[in-house]
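Participant: Next comes the sequence, and after it the predicted model I'd like to discuss.
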Amino acid sequence: MPTIYHDFTINTSKEKVFEAISTPYGLDNWWTQRSSGKQEIGSIFNLYFTEEYNWFAEISILKHNEQVEFKMTKAMEEWLPTSFGFILKEEKPEVTSVQFYHKDWTEISKEYRVANFCWADLLRQMKQYLEKGIITPFNERS
């Protein structure tokens, strides 16, 4: 099954990156309009973008400051049953490598290609948020 991959570094601690990818506060600063959920295995996150895109995902892997994975439970059909996650490694103090993946797509469809493009842009915005404190308003995000 096809997988989307993006590898990059962020000039901040892996603790700060982990907060940005595994808490509602962090996600809302670069991805969702608003979200809710707890930083624990089995927690269901509400990933709200708009009324039409009011999605849910379950934390399926959680290794504090090292890895988080979300399994989509309610989303557009092509996102089911995909999972996406982040693996973090501290390269040196205040430099964290991020291995992002979005796996289990049924095919390389138009939505797969759109998601791949959008993830690249959103991950760039996450990097700007963590390195420079820049938060792009939700309605200006891709």
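Facilitator: That came through fine. None of these values were measured; they are calculated from a predicted model.
Participant: So what's the residue count around Asp121?
Facilitator: Neighbour count for Asp121, taken as other CB atoms under 10 Å: 12. (Each C-beta comes from the backbone N, C-alpha and C, glycine too.)
Participant: Could I get the pLDDT score of it?
Facilitator: Note on Asp121: pLDDT of 96.
Participant: now stretch 13-28, how far from the centre of its chain.
Facilitator: Relative to its chain's centre, stretch 13-28 lies at 9 Å (CA atoms, centre = their mean, to the nearest Å).
Participant: How far does stretch 104-114 stretch from one end to the other?
Facilitator: Using CA to CA, to the nearest Å, the end-to-end distance of stretch 104-114 comes out at 16 Å.
Participant: One more: stretch 35-44?
Facilitator: Length of stretch 35-44, first residue to last, CA to CA: 10 Å.
Participant: In that stretch, which of the residues would be classed as buried?
Facilitator: Within stretch 35-44, the residues scored as buried using 16 or more other CB atoms under 10 Å are Ser35, Gly37, Gln39.
Participant: Next step: the residues you listed restricted to strands.
Facilitator: Using DSSP state E, Ser35 are the members of the buried residues of stretch 35-44 that sit in strands.
Participant: Turn the buried residues of stretch 35-44 into JSON lines, including distance to Asn29 and pLDDT.
Facilitator: Output for those, formatted as JSON lines (distance: CB to CB, whole Å; pLDDT from 0 to 100):
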{"residue": "Ser35", "distance to Asn29": "10", "pLDDT": "98"}
{"residue": "Gly37", "distance to Asn29": "15", "pLDDT": "98"}
{"residue": "Gln39", "distance to Asn29": "15", "pLDDT": "96"}
